[in-house]
Structures are given as structure tokens and as C-alpha cells.
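# structure for the following, please:
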Amino acid sequence: MKFGIFTIVPWHESKGQQQSLDEALEQIELADRLGVDEVWLGEHRFSRHGLLSGIWSFAGMVAGRNAAEDLQ
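Next comes the predicted model:
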């Protein structure tokens, strides 16, 4: 059985956009360390419901950070 997580990077009114993006990256990295198999990203156009308007740039950032961790 495989497990995954899904995010559209929710943006709570008490947080800035960058903080929300950083926290989503931290959650994804934690999921990776815990053995979660997949990450699913959903697009939502710059609203409080979600910050990801284009998943490819965010997915590239996730892949780059995970690759850097693998090299350490």
C-alpha cells in the first residue's frame, strides 16, 4: 500500500504567503522522512484557500530541496 499527502498550500489570515509556502515545504519534507510515497499538489489561484497557481515551479522547489537532502 502507498501513502501520500495533498496540499494546495492553504493561506491562513494569521500568516504571510511566504510563511505558508515554507510551512508546506516543511510538511512535505517531514512526510518524505517518514516514508510517505507521494505528494499531490493542487492549483488554486492566489486566494486564502490555496497559494499554488502553478504547481510546476513549486514541485521543482520540492524536488530540489529533497535532492539536496539526499546529498548530505
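
# helices along the chain, start to end?
Along the chain, the stretches classed as helices by DSSP state H are 17-33, 55-71.

# just name the most buried of the ones you listed.
For those, average neighbour numbers computed from mean count of other C-beta atoms under 10 Å are highest in helix 17-33, which has a mean of 15. The C-beta positions use only the backbone N, C-alpha and C, and glycine is treated the same way.

# returning to what we had before: looking at the helices of the chain, which one has the lowest mean pLDDT?
Ranked by mean pLDDT, those bottom out at helix 55-71, which scores a mean of 79.

# residues near the residue lying closest to residue 40 once chain neighbours are set aside, how many?
Counting by C-beta to C-beta, 6 or more residues apart in numbering, the nearest residue to residue 40 once its immediate chain neighbours are dropped is residue 6, at 4.3 Å. When neighbours are defined as other C-beta atoms under 10 Å, residue 6 has 9 of them.

# cool, and residue 9?
Close neighbours of residue 9, defined as other C-beta under 10 Å, add up to 21.

# for it, give me phi and psi.
Residue 9 adopts backbone torsions of phi 50, psi 80, taken as degrees, to the nearest 10.

# now distance to residue 2 too, for the helices of the chain, in JSON lines please.
Below are the helices of the chain laid out as JSON lines (distance: least, C-beta to C-beta, whole Å):
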{"stretch": "helix 17-33", "distance to residue 2": "12"}
{"stretch": "helix 55-71", "distance to residue 2": "17"}
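
# and the pLDDT at residue 44?
pLDDT, residue 44: 79.

# likewise residue 47?
For residue 47, the pLDDT comes out at 75.

# check contacts around it.
For residue 47, the residues meeting the contact criterion (C-beta atoms under 8 Å, 6 or more residues apart in numbering) are residue 11.

# ok, residue 5 touching residue 28?
Yes - counting by C-beta atoms under 8 Å, residue 5 does reach residue 28; the two are 7.1 Å apart.

# what's the overlap in contacts for these two?
Residues touching both residue 5 and residue 28 by C-beta under 8 Å, 6+ apart: residue 39.

# now residue 11: phi and psi?
Taking degrees, to the nearest 10 as the convention, residue 11 sits at phi -120, psi 100.

# pull the contacting residues for it.
When contacts are counted by C-beta under 8 Å, 6+ apart, residue 11 touches 17, 20, 47-51.
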